[in-house]
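In: using only what follows, build the 3D model:
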Amino acid sequence: MKNLHFENSTRRAGSKAGRGVVLFMLTVGSVLLVRAIPALSGDASRESTGRDGSRQAKRIGDAHAADQVYPATANELVNAVIANELTDREQLLKWVCVIEKRAGKETLTEEQVETREGPLYRLLAIDGTALSAEQRQQDNARIDRLMKDPSPLLKLKQAENDDELKLQKLLSLMPHAFVYEYDGAEENLLRVKFKPNPDYSASSYEERVIHNLAGTMLIDPQRKRMTKVAGHLVSRVEFGYGLLGRIDSGTVELERVEVGPLLWKTAFINIHFSGRVAIFKTVSKDQYERRSDFRAVASDLSLAGGKDLLVSRSLPVHAAALR
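Out: Next up, the predicted model:
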């Protein structure tokens, strides 16, 4: 019988000390790209429209996008996208969704709901096969333990809140850390290349990791939303002149989907980083997830309410298996 990883929730409460500072910085850096996407709403949207209307228009694209009007420079378009993300961060809505992810050699399908106490998940399938009666009983027991002692979820929630504060700061740096250039179009989306800005000086480890990425973005120019980003580390990132550690290589792939009016979520995450800490220990970050079936839930949803929701929304295997 395959390992269910029933104690994943506990392990998710924080990173192991052995990974050290470097792995934490990679996590923060990659999450920044995951989230740097949504569009303007309210006053921010109106202000962006006014600015774009007063600028010199530039036409770029293929047969599908040739009749669209864009800001004068790629940097201006990206600036608007980042402004939209900073605006969207204030909404802080909670969601329930299905997550398919790789865990070692297995593919786990889970349904996860965000609650006041933190994210709670229910295992649905392993490698596309529904749980047996015994496996379901064990997963239910894991959830029951969290209901009695939600401290692992509370720790995870605090870690996520701390990341949010870092992300908002780092987002504001993105327009300065990269140079952007139009690179054609794919249907109604603009393709924008990005590379490190040689005039930018990073002031922290997090900024250094971000600043060393290059790649392409796909952006909806009308909604000013990023739908896809693919980047790679262009050079090794060393910490303490390599004595504390280094990041040798890294790739990031992310996709965003619209889940409601002015609401977008990350539907695909594929992140790989590798390097060494203090010369001797190899470190790596590998994350592969597909997310679907997003539904908004109450912003004050309790842990008990989240459990009830997961049970009532139990999905058939074919709806949760890999697509």
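In: can you name the next helix or strand after the strand or helix carrying Glu134?
Out: Element membership for Glu134, per DSSP states H and E: helix 133-148. Proceeding N to C from helix 133-148, the next assigned helix or strand is helix 151-171, under DSSP H and E.
In: pull the CA atoms of the helix or strand following that next one into PDB?
Out: Once helix 151-171 ends, the next helix or strand along the chain (criterion: DSSP H and E) is helix 174-177. Coordinates of each C-alpha in helix 174-177 appear next as PDB, following Å, rounded to 0.1, in the frame of the first residue of the first chain:
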ATOM      1  CA  MET A 174       9.900  44.500  -9.900                       C
ATOM      2  CA  PRO A 175       9.500  47.500 -12.300                       C
ATOM      3  CA  HIS A 176      13.000  48.500 -11.400                       C
ATOM      4  CA  ALA A 177      14.800  45.100 -11.200                       C
END
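In: give me the residues contacting helix 174-177.
Out: Helix 174-177 has contacts (CB atoms under 8 Å, 6 or more residues apart in numbering) with 32, 36, 75, 78-79, 82, 196-197, 200, 202, 207, 210-211. Yep, even glycine has a C-beta here, placed from its N, CA and C like the rest.
In: if you set the cut-off to 6 Å instead, what comes out?
Out: Asn79, Ile82, Asn197, Tyr200, His211 (CB atoms under 6 Å, 6 or more residues apart in numbering).
In: please narrow the residues you listed to those residing in helices.
Out: Taking DSSP state H as the definition of helices, the contacts of helix 174-177 contribute Asn79, Ile82, His211.
In: scan those residues and report the most crowded one.
Out: The most crowded member of the ones in helices among the contacts of helix 174-177, judged by other CB atoms under 10 Å, is His211 (22 neighbours).
In: state the distance from it to Glu164.
Out: 21 Å (CB to CB, to the nearest Å).
In: repeat for Asn79
Out: 21 Å.
In: next one: Glu255
Out: 21 Å.
In: those two: who's more crowded?
Out: Between Glu255 and Glu164, Glu255 has the larger neighbour count (other CB under 10 Å), namely 19 against 14.
In: could you pull up the contacting residues of Leu309?
Out: So Leu309 contacts Val113 (CB under 6 Å, 6+ apart).
In: quick one, strands of this structure?
Out: For the chain, the strands defined by DSSP state E cover 94-103, 106-115, 118-126, 129-130, 178-186, 189-196, 213-220, 225-233, 237-239, 245-260, 263-277, 281-297.
In: looking at those strands, which is nearest to Arg145?
Out: strand 118-126 (11.8 Å; CB to CB).
In: so for the closest one, what gets flagged as buried?
Out: Applying a neighbour-count criterion of 16 or more other CB atoms under 10 Å, one finds Gly118, Pro119, Leu120, Tyr121, Arg122, Leu123, Leu124, Ala125, Ile126 buried in strand 118-126.
In: strands paired with it, and their directions?
Out: strand 106-115 (antiparallel), strand 129-130 (antiparallel) (DSSP bridges).
In: nearest to Lys148, out of these?
Out: strand 106-115 (15.1 Å).
In: name the residues that touch the closest one?
Out: Contacts for strand 106-115 (CB under 6 Å, 6+ apart): 94-96, 98-101, 119-127, 301, 303, 306, 309-310, 320.
In: quick check: buried residues in it?
Out: For strand 106-115, by 16+ other CB under 10 Å, it's Thr107, Leu108, Thr109, Glu110, Glu111, Gln112, Val113, Glu114, Thr115.
In: where's the first one relative to Lys155, distance?
Out: If I follow you right, that is Thr107. 26 Å.
In: same deal with the second one?
Out: Shown here: Leu108 relative to Lys155, a distance of 21 Å by CB to CB.
In: now do the third one
Out: Computed with CB to CB, the distance linking Thr109 and Lys155 is 25 Å.
In: residues contacting the spatially closest residue to Val179 that is not a sequence neighbour?
Out: Excluding the flanking residues, the one nearest Val179 by CB to CB, 6 or more residues apart in numbering is Asn197, at 5.0 Å. Contact analysis of Asn197 by CB under 6 Å, 6+ apart lists Ala177, Phe178, Val179.
In: and Asp127, backbone torsions?
Out: phi 50, psi 40 (degrees, to the nearest 10).
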